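Trainee: how does the following fold in three dimensions:
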Amino acid sequence: MQARVESLTDKPWRALLEGHDDWVHTLAWSASGIATAAADGSVVIFDPITTQVLETLNSSGPIFCVEWAKDLGTIALGTAHGAIEIWTTHQQAEKPDQLFEGHTQAVRCLQYDAHGQLLATGSDDGDLRLWRSDSGICSVVMPLGAAIECLQWSPEVRTVLACGLQDGVVVIVNAKTRSHNPLTTRSAAVLSLAWNKAGSQLALGLQSGSVDVVDLQGQTIMQVHDAHSDWVVTVAWNRYNNLIASAGFEKDKTVKVWDLNSQSCAGSLHGHLAGVTDLAFSLDGTELATTSADTTVRVWDLTKLRRQSKTDTIEDGHEESCRSVRFSHDGHLLATASDDCTLRVWNPKTSSRVRTYRDQTDWTTCIAWSPDDEHLCCSSGDGNIRIYSLEQDEPIQVLTGHTDWVESVDWSPGGQLIASCGFEKDPTVRLWDVSSGSNIHTLLGHAGRVVHVEFHPDGELLASSGADGTIRLWNVADGRQTTLLDPKGGAVNEARFSPNGELLATASEDNSLRVWSVKDGIQQQVFTPHSRNVVCLAWAEHESLLLSGSDDFTVAVIPLDESIAPTSFQLDTPVYSLDWTDGSGAVCGCASGRIVQLSVLLDRDRRASLAWSKSFRRTRKDLAVGSEVQHLMEEDPMSLSGASMKGNFMVHQAVVVDPPKPTVRSSMCSVL
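Mentor: Next up, the predicted model:
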């Protein structure tokens, strides 16, 4: 696989390395390459210069740590099940050469000593073990009293190593005398540590978000309490200067470089779309490699590092939770609504914003496109429904009548009607005549707030779902209720018709998705792919796949063929809204405000999975609007398509097809 290499005028990283399909937990950089290991058990070795994949190894389960041996032809892996695997590289090995067994829980950290004769390993079981690398015999077992999160041999005293513990204690261990003593106790778990070149100081990354530096007397040299807004899961010390790199986990996602001389931040690196899990300096100290839960590895050129001002920061999506995402019918535009009181329109081809509407006085809760894609309607927490033209910044019409928040809106296929529904004080469904702005029907029946409305593809029926746990189908012509569905699973958050109109899928707070026959109202299937409330859903691939988003931070892809198991993709935030188009795949609106695009993949056995595609971003510089929108409307739809290969998958944009036998493994995910 050839990773994309982008110039720093376009991206802040030198290279983006893609070869994993799951969280990349850890990496190790040596003259033999960058070895990266992931939660799916894969180990990918990259050439840091050419970015080529040199080798891929497959372990039996998740890997939490990786280390090159001194011969540079062997790597050690620490696994989730407590074993240490020793692999010979560059031989396309199918299984490890040696298996060191003794730990009873996950191995979180490991490192060879300076001579390569001993391998130190730390585990959640609280034991530090020293193994003879030639025989695999465990020569020392040293209980330290708490889970061992990190360890590193001293570069100066080669029989000494430091260990960071879950209880906040840093322990100095003498392997020769088999003794250990506490150096310092911090206020939170010590998740990472690194020695300076002289072996006289330790940098510590804490679960509290702090980065501390201590000397061998336990005295604090530097302390940055709010270095990151989440756990500092990894730190590294540049041996050629007094720079320390640290990275924040899920809520943070940034890499920061600290100058110990000035005790200040020398710069920040932004780009990962999920928590950063590990980092390592290159051998000459000029580059930094990072791994992330977004499945990517990035290489950063530190010679280009500069302090980032507020105006330089690129932010994702919205400033607050993204409540609704909807593709235009032709797939050329994407509209999003947020708690930040804005409605934004994006170009899904470039992930750039083409227009922002800011006249809302409260949350924007839901959006819908007109059938001709020339107008948008948007519901709001102020009880109004605004209709916008893509050619104007101000609404061209405001529909008033609801007496509480408007939770959801939809535009009829014929374009003459808009449906809406209200919150607790106004549990009604309303139908509006677009031309006159009048409320022609008020539909009563739900016993609590109405959460979602959607027109049937033929425009003759309307589905509504509510906090009372029911789904109701209404005759649009006369406002009469025709069908009542009661899954008895708590609030029904969404109800969406299949593209052909024969099925209705519902998402409920009891963690379930249900599929109903529209013709007779019979429940046909029930799926429970989530561990918490299912907030949103979307149909994909015509009627063959369902996508769902949940408070459990996952997006699930669910084949209606029950012989194929559902799979899920882990994000770092709850998912509030989903939509799908054949040209661009799935788009998720997240609680963090991020808007993430995913591609759906289907392998030869028809197993479906999800992969990162891109993230929509906003900058402080607005794009020119009118010409951009006009250009998109005139674009040939086929110009939005493209093909790529990945392992056993062929993806034509996000349209799933059965692949020919692949001969090349290349990147399909674009991370912007």
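
Trainee: do a quick rundown of the helices in the stretch 251-400 of the chain.
Mentor: For the stretch 251-400 of the chain, helices defined by DSSP state H, counting those that start in this stretch do not occur.

Trainee: can you list the weak-confidence ranges in it?
Mentor: By pLDDT under 70, the weakly predicted segments of the stretch 251-400 of the chain are 304-317, 351, 359.

Trainee: what of the stretch 501-650 of the chain?
Mentor: Low-confidence segments of the stretch 501-650 of the chain, defined by pLDDT under 70: 541-543, 583-584, 600-650.

Trainee: okay, and Val213 sits in which element?
Mentor: Take DSSP states H and E as the rule and Val213 turns out to sit in strand 211-215.

Trainee: roughly how far is that strand from the heart of the chain?
Mentor: Computed by Cα atoms, centre = their mean, to the nearest Å, the chain-centroid distance of strand 211-215 equals 31 Å.

Trainee: for that strand, name the packing helices and strands.
Mentor: On a contact count with 3 or more Cβ pairs under 8 Å, 6 or more residues apart in numbering; DSSP states H and E, strand 211-215 meets strand 201-206, strand 220-224, strand 243-248. For glycine as for every other residue, the C-beta is placed from the backbone atoms N, C-alpha and C.

Trainee: least reliable of those strands going by mean pLDDT?
Mentor: Sorting the helices and strands packed on strand 211-215 by mean pLDDT places strand 220-224 lowest, at a mean of 85.

Trainee: which parts of stretch 76-87 are buried?
Mentor: Of all the residues in stretch 76-87, those buried under the rule 16 or more other Cβ atoms under 10 Å are Ala76, Leu77, Gly78, Thr79, Ala80, Gly82, Ala83, Ile84, Glu85, Ile86, Trp87.

Trainee: which SSE is the last one in?
Mentor: By that I understand Trp87. Remark: Trp87 resides in strand 84-88, with elements defined by DSSP H and E.

Trainee: next SSE after that strand?
Mentor: Going down the chain from strand 84-88, the next helix or strand is strand 98-100, by DSSP H and E.

Trainee: next SSE after that next one?
Mentor: Where DSSP H and E defines the elements, the next helix or strand beyond strand 98-100 is strand 107-112.

Trainee: wait, Asp212 touches Gln219, no?
Mentor: No: with contact defined as Cβ atoms under 8 Å, Asp212 and Gln219 do not form a contacting pair (10.8 Å).

Trainee: helix, strand or coil for the nearest residue to Cys65 once chain neighbours are set aside?
Mentor: Excluding the flanking residues, the one nearest Cys65 by Cβ to Cβ, 6 or more residues apart in numbering is Gly78, at 3.9 Å. Assigned by DSSP: H, G, I helix; E, B strand; the rest coil, the conformation of Gly78 is strand.

Trainee: what's near enough to touch Gly78?
Mentor: Contacts here follow Cβ atoms under 8 Å, 6 or more residues apart in numbering; on that basis Gly78 touches Ile63, Phe64, Cys65, Val66, Ile84, Ala106, Val107, Arg108, Cys109, Leu110, Thr121.

Trainee: so which of the residues you listed wins on neighbours?
Mentor: Highest neighbour count within the contacts of Gly78: Val107, with 28 neighbours (other Cβ atoms under 10 Å).

Trainee: one step back: ok, which pair from the contacts of Gly78 is furthest apart?
Mentor: Taking Cβ to Cβ as the measure, the contacts of Gly78 span a maximum distance of 13.9 Å, between Val66 and Ala106.

Trainee: identify the bridge partners of the residue lying closest to Val492 once chain neighbours are set aside.
Mentor: Among residues not flanking Val492 along the chain, Ser465 sits closest, at 3.8 Å (Cβ to Cβ, 6+ apart). For Ser465, the beta-bridge partners are His452, Ile471 (DSSP bridges).

Trainee: got it, and the one 10 residues further on?
Mentor: Each beta-bridge partner of Asn475 is listed here: Leu461, as defined by DSSP bridges.

Trainee: so it makes contact with Glu460?
Mentor: Yes: with contact defined as Cβ under 8 Å, Asn475 reaches Glu460; the gap is 7.1 Å.

Trainee: so which residue is dead centre in the chain?
Mentor: Geometric centre of the chain, nearest residue: Leu571, 3.4 Å, by Cα atoms, centre = their mean.

Trainee: before we move on, back to that, what sits against the residue nearest to Val492?
Mentor: By Cβ under 8 Å, 6+ apart, Ser465 lies in contact with Val450, Val451, His452, Ile471, Arg472, Val492, Asn493, Glu494, Ala495, Thr506.

Trainee: got it, and Phe423?
Mentor: Contacts for Phe423 were tallied using Cβ under 8 Å, 6+ apart; they are Asp404, Trp405, Val406, Glu407, Arg449.

Trainee: and the residues you listed, which two are furthest apart?
Mentor: Val406 and Arg449 (10.8 Å).

Trainee: intersection of neighbour lists for the two?
Mentor: Shared contacts of Val406 and Arg449 (Cβ under 8 Å, 6+ apart): Gly422, Phe423.

Trainee: of those two, who's got more company?
Mentor: Legend: neighbour count by other Cβ under 10 Å for Val406 and Arg449, higher for Val406 (29 against 20).

Trainee: so that one bridges to which residues?
Mentor: Under the criterion used (DSSP bridges), Val406 bridges to Gly422.

Trainee: thought it was touching Asn384?
Mentor: Yes: here Val406 reaches Asn384: they are 7.1 Å apart, a contact under Cβ under 8 Å.

Trainee: returning to that earlier point: neighbouring strands - and their directions - for the strand holding Val213?
Mentor: Within its sheet, and counting by DSSP bridges, strand 211-215 is paired with strand 201-206 (antiparallel), strand 220-224 (antiparallel).

Trainee: name the element Arg441 belongs to?
Mentor: You called it Arg, but residue 441 is His. Applying DSSP H and E, one finds His441 within strand 439-443.

Trainee: then that strand to CSV, C-alphas only?
Mentor: The C-alpha trace of strand 439-443 is given here as CSV (Å, rounded to 0.1, in the frame of the first residue of the first chain):
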residue,chain,number,x,y,z
ASN,A,439,-51.4,25.0,8.6
ILE,A,440,-53.8,22.7,6.7
HIS,A,441,-53.9,19.7,9.2
THR,A,442,-53.1,19.3,12.9
LEU,A,443,-52.8,15.6,13.6
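
Trainee: quick one: list the elements packing against it.
Mentor: strand 429-433.

Trainee: what lines up beside the strand it packs on in the sheet?
Mentor: Strand 429-433 is paired, per DSSP bridges, with strand 417-422 (antiparallel), strand 439-443 (antiparallel).

Trainee: how far does the first one sit from the chain's center?
Mentor: Right, strand 417-422. 32 Å.

Trainee: returning to what we had before: dump the contacts of Ser465 to CSV, plus distance to Val518.
Mentor: Compiled in CSV, these are given as follows (distance: Cβ to Cβ, whole Å):
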residue, distance to Val518
Val450, 19
Val451, 19
His452, 16
Ile471, 11
Arg472, 13
Val492, 15
Asn493, 19
Glu494, 15
Ala495, 11
Thr506, 12
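
Trainee: farthest-separated two in those residues?
Mentor: Maximum distance among the contacts of Ser465 (Cβ to Cβ): 14.7 Å, for Arg472 and Asn493.

Trainee: picking that back up, so which of the strands paired with strand 429-433 comes closest to Asn511?
Mentor: Closest approach to Asn511 among the strands paired with strand 429-433 (Cβ to Cβ): strand 417-422, 23.1 Å.

Trainee: what lies in contact with stretch 141-149?
Mentor: By Cβ under 8 Å, 6+ apart, stretch 141-149 touches 102, 105, 108-109, 122-130, 163-167, 169, 171, 173, 178, 180, 189-192.

Trainee: redo that, cut-off 7 Å
Mentor: Stretch 141-149 is contacted by residues 108-109, 122-124, 126-129, 163-167, 169, 171, 173, 178, 180, 189-191 when judged by Cβ atoms under 7 Å, 6 or more residues apart in numbering.
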